[in-house]
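**Student:** no FASTA, just this:
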DNA sequence: ATCGCTTGTGTAATCGTGTACACAATGCAT
DNA sequence: ATGCATTGTGTACACGATTACACAAGCGAT
């Protein structure tokens, strides 16, 4: 195994040209004779030469690296979007670096590490990172932040997500079905995204002179949804549970059915949020507040393009959620 | 927003030293006076200076980047492991670059792109990439390949996974339960991993003078599991389906119950593979062939360490699967 | 006082590209 | 034949760090 790669200077010697000409052979729009280019590319192929992207980045001041700050990779509520985004980035020859960390101090440290790699773009999916931290750490790269309220900061672009209308539709149906006692099963209580999602539903209830009778905190996992739902149903006697994401909703549905023998939608209404693929599976068939993943990623890619084009000013794109009707509410 | 970062030379001027001394202030084991170091670090913090990792990589010949070649991000059968690995890498200050591509030609192109970034390590999770392609493209970096058979190549390290014993246990139980007609529901038919997994079960059947009566090909998705299972049950009248992964098994279970009104484990046995968290949820409770994710990732990290320590020679680590018993078989 | 060792710092080369600039060769219009 | 624009190539420097080497200062032992 060759431990060392061949360099442009070495290749130049082999092809009988200067290293500058080798570089030109690999730049599409540069003044170079066709014969020379072909010869260089042939020799390059023969010796397995590829320009060193690290050296190029240093020279260019463009790394073509993109930092993606996410809460988790495994969690399906983000995974589908991550997958889409990664594909779109790669189609643009951008390489994604995943930053994903359980502990908050570690997360900031990790972001600092990534920032030393001169990433061209930063996309913050994680609601555990404050806008100010993102701006401070990546102070030369305007971060793109996924948020649920408009961000008032020149140095940030944002995707704002609004689900208030869809939440209203869902509450409307559940109330018409005769449900009276609502509970909210939140994700981590440090998540401000969850607070806003809760607000959409709370506002819809208030319009009908209702309010959440109970509240519980899970951690976006199936197990926490299961466990907290048992409490809500048993102790608080609720008949409708709005969950912070789809996975907890599935856990809650299982708990209702298994532990208390209560079925959706007759005995109890259960609502998820995210609209992940699994929610539509026959065994789940969840009613859920969902976002169009494609539109979401399109918006992120558009902001990346604006940054590349160096269009100035703050940018914010708003997306609205829709209701997906299943048999759980 | 400051578009430009401060450089070590500029910081040197500010602190009244040379750029070499600035560099030393950031290298733990270098000869530098304590007072000088403290002063430099203070000035650095004040001006938000961090050494440029791209420049450092160029000099060091070490990028601290790791390429992860995966089939998909969203797919839970890989996601849990990816998550674990990303955490472990980041604890070592290594940054993961995710390479994930639907189309095969694109995938190879993407791997070539990543290789120009001088990645320190390559981990190939995807069974869509041949060993030879990985070796050719990353010819200066010995790839770590997750495989299901021993790889006979000096230039490759591998994790070999063996589930033959666990498959035998599972088949034993199903046969004792009186099931007679077995089908195998494979993932993509171009996947050689799937061929080996199938072989574990086929061998176990052969030991009992049985064989697969039918075979179908899905694509590892819920929908394909659902659709193919309908065919297998209806046309081929099988009473046991071994699936290529857990997600398809869930789809198959739903199909059996919903379309043909047949329940596990009495009417039909269904077995998954992977042992993802979701398989253990109450609504699924799958019998599945599973791998210890932690041991798996430990093995990968160990191979990375060996590469870093420049221990020569081919390395292969073998892991064995275990059966997880649920109510579907 | 001299030697030798240690410590701290600066100078300069290096890593592998990209590109501004210079210059020779060519073609074309005058 | 002269002038000018165009084309193709080489030279040299920049990108931002690390590090081998040199050297001065300090210190203890002889």
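**Tutor:** Everything's here; your move. Note that the structure is predicted; figures quoted are calculated from it, not measured. Numbering: from 1, shown residues only, chains lettered A, B, ... in the order given.
**Student:** so what's the residue count around residue A:237?
**Tutor:** Residues lying near residue A:237 (other Cβ atoms under 10 Å in any protein chain shown) number 11. Yep, even glycine has a C-beta here, placed from its N, CA and C like the rest.
**Student:** for chain B, see how far away it is.
**Tutor:** With distances taken as Cβ to the nearest Cβ, to the nearest Å, residue A:237 is found 22 Å from chain B.
**Student:** so residue A:66 bridges to which residues?
**Tutor:** Following DSSP bridges, residue A:66 is listed with bridge partners residue A:96, residue A:121.
**Student:** how many neighbours does it have?
**Tutor:** By the criterion of other Cβ under 10 Å, residue A:66 has 25 neighbours.
**Student:** cool, and residue A:165?
**Tutor:** Residues near residue A:165, counting by other Cβ under 10 Å: 14.
**Student:** in a strand, it, correct?
**Tutor:** No. Residue A:165 is assigned helix when assessed by DSSP: H, G, I helix; E, B strand; the rest coil, not a strand.
**Student:** please name the nearest non-neighbouring residue to it.
**Tutor:** Leaving aside its sequence neighbours, residue A:165 sits nearest to residue A:320 (Cβ to Cβ, 6 or more residues apart in numbering or on different chains; 6.4 Å).
**Student:** hmm, residue A:159 and the one you found touching each other?
**Tutor:** No. Between residue A:320 and residue A:159 there is no contact under Cβ atoms under 8 Å: 11.8 Å.
**Student:** can you give the contact residues for stretch A:193-206?
**Tutor:** For stretch A:193-206, contacts defined as Cβ atoms under 8 Å, 6 or more residues apart in numbering or on different chains pick out A:127, A:147-149, A:162-164, A:166-168, A:170-172, A:182, A:184, A:186-188, A:211-212, A:242, A:244, A:273, A:289.
**Student:** so which of those residues sit within helices?
**Tutor:** Using DSSP state H, A:164, A:166, A:167, A:168, A:170, A:171, A:172 are the members of those that sit in helices.
**Student:** counting neighbours, what do you get for residue A:118?
**Tutor:** Neighbour count of residue A:118, defined by other Cβ under 10 Å: 21.
**Student:** need the contact list for the nearest residue to it once chain neighbours are set aside.
**Tutor:** Of all residues not flanking residue A:118 in the chain, residue A:63 sits nearest, at 4.7 Å (Cβ to Cβ, 6+ apart). Residues near residue A:63 by Cβ under 8 Å, 6+ apart: A:57, A:117, A:118, A:119, A:120, B:54.
**Student:** could you break chain A into its assigned domains?
**Tutor:** Domains of chain A are assigned by automatic domain parsing as A:8-51, A:65-162+A:293-320, A:164-290.
**Student:** worst mean pLDDT among those domains?
**Tutor:** Mean pLDDT values for these show the minimum at domain A:65-162+A:293-320, a mean of 88.
**Student:** ok, that one near DNA strand C or not?
**Tutor:** No. Judged by Cβ under 7 Å from any atom of the strand, domain A:65-162+A:293-320 stays clear of DNA strand C, getting no closer than 12.8 Å.
**Student:** next, the distance between the ends of that domain.
**Tutor:** 30 Å (Cα to Cα, to the nearest Å).
**Student:** from residue A:108, how far out is the nearest residue to residue A:122 once chain neighbours are set aside?
**Tutor:** Distance criterion Cβ to Cβ, 6+ apart; nearest residue to residue A:122, sequence neighbours excluded, is residue A:143 at 4.2 Å. The spacing between residue A:143 and residue A:108, counted by Cβ to Cβ, to the nearest Å, is 13 Å.
**Student:** out of the domains of chain A, nearest to residue B:235?
**Tutor:** Comparison of these against residue B:235 by Cβ to Cβ identifies domain A:164-290 as nearest, at 20.4 Å.
**Student:** what does chain A put close to DNA strand D?
**Tutor:** A:16-21, A:24, A:31-36, A:55, A:58-59, A:61.
**Student:** how far away is residue A:209 from residue A:81?
**Tutor:** 36 Å.
**Student:** next one: residue A:58
**Tutor:** Per Cβ to Cβ, residue A:58 is found 32 Å from residue A:81.
**Student:** for the spatially most central residue of chain A, which residues are in contact?
**Tutor:** Nearest residue to the geometric centre of chain A (Cα atoms, centre = their mean): residue A:125, 4.2 Å. Going by Cβ under 8 Å, 6+ apart, residue A:125 touches A:68, A:69, A:70, A:71, A:78, A:81, A:82, A:146.
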